[in-house]
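# okay, structure incoming, though there's no sequence with it:
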């Protein structure tokens, strides 16, 4: 954990060795965010630098997506910027309409807010003056605090889908992922002799429904049943309600 922050801190120091601008630290930050995306429990997380503008809402510096759905945004300001003032700006107010998961940073300080503008967490990796020190070191406690904040950001579920058509497409993708996961897990349990509740459910179906039911057929039917249930829930929900598509697994 500490190593990636030391790497990031040294890259920042190099980027700002001759002064630099608000954009000088973008590459180190993008690399840091990339390590968190790769280490996240959910697969398929992508960090996009300077995405296209959202009509009427501007363009945050980083857009984070998971399996094609918006997970959150990261807005970057220059070193030493008054982030509390930034949080009250019209710019952030527009971004809050896009997501409930936003991080505002000046490369060293990180503040995570929700769509209502409430501060969920804040952490500081170092002071700007620390970048000029002879020995570039990161305090473990500060690194742990930033680690916690960014891990929470990347572990948040993606934005809900209000369109039944978009939900159907998202569920189809996730249904396949769930089917493959269930198949692998059932085979692993059988091979290891550690048959848990999932395998017990498979045995019930095989005993009482269809004796020749294979692991793959059960996994496929189970995944489709869950996806169909979520889709029906969306169709029967009020127009302003949001259905999450497998939020814990992406």
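Now that the structure is in, tell me what you want to look at. No experiment lies behind these values; they were computed from the predicted model shown.

# residue 139 reaches residue 126, doesn't it?
Yes. Counting by C-beta atoms under 8 Å, residue 139 touches residue 126, with 7.2 Å between them. Just so you know, the C-beta spots here come from the backbone N, C-alpha and C atoms, and that holds for glycine as well.

# and the residue nearest in space to the middle of the chain, what element?
In the chain, the residue lying closest to the centroid (C-alpha atoms, centre = their mean) is residue 154, at 3.1 Å. In this assignment (DSSP states H and E), residue 154 forms part of helix 140-155.

# do the same with residue 4
helix 2-15.

# just how off-centre is stretch 112-124 within its chain?
Centroid displacement of stretch 112-124 relative to its chain, using C-alpha atoms, centre = their mean, to the nearest Å, is 15 Å.

# buried residues, that stretch. List them.
For stretch 112-124, burial by neighbour count (16 or more other C-beta atoms under 10 Å) applies to 112, 113, 120, 121, 122, 123.

# confirm the first one sits in a helix?
It stands for residue 112. No. Residue 112: not assigned to a helix; according to DSSP: H, G, I helix; E, B strand; the rest coil it is strand.

# and it, what are its bridge partners?
residue 103, residue 121 (DSSP bridges).

# how near is it to residue 68?
Distance of residue 112 to residue 68, computed by C-beta to C-beta, to the nearest Å: 23 Å.

# and the helix holding residue 154, which residues are buried?
Buried residues in helix 140-155 (16+ other C-beta under 10 Å): 142, 143, 145, 146, 147, 149, 150, 153, 154, 155.
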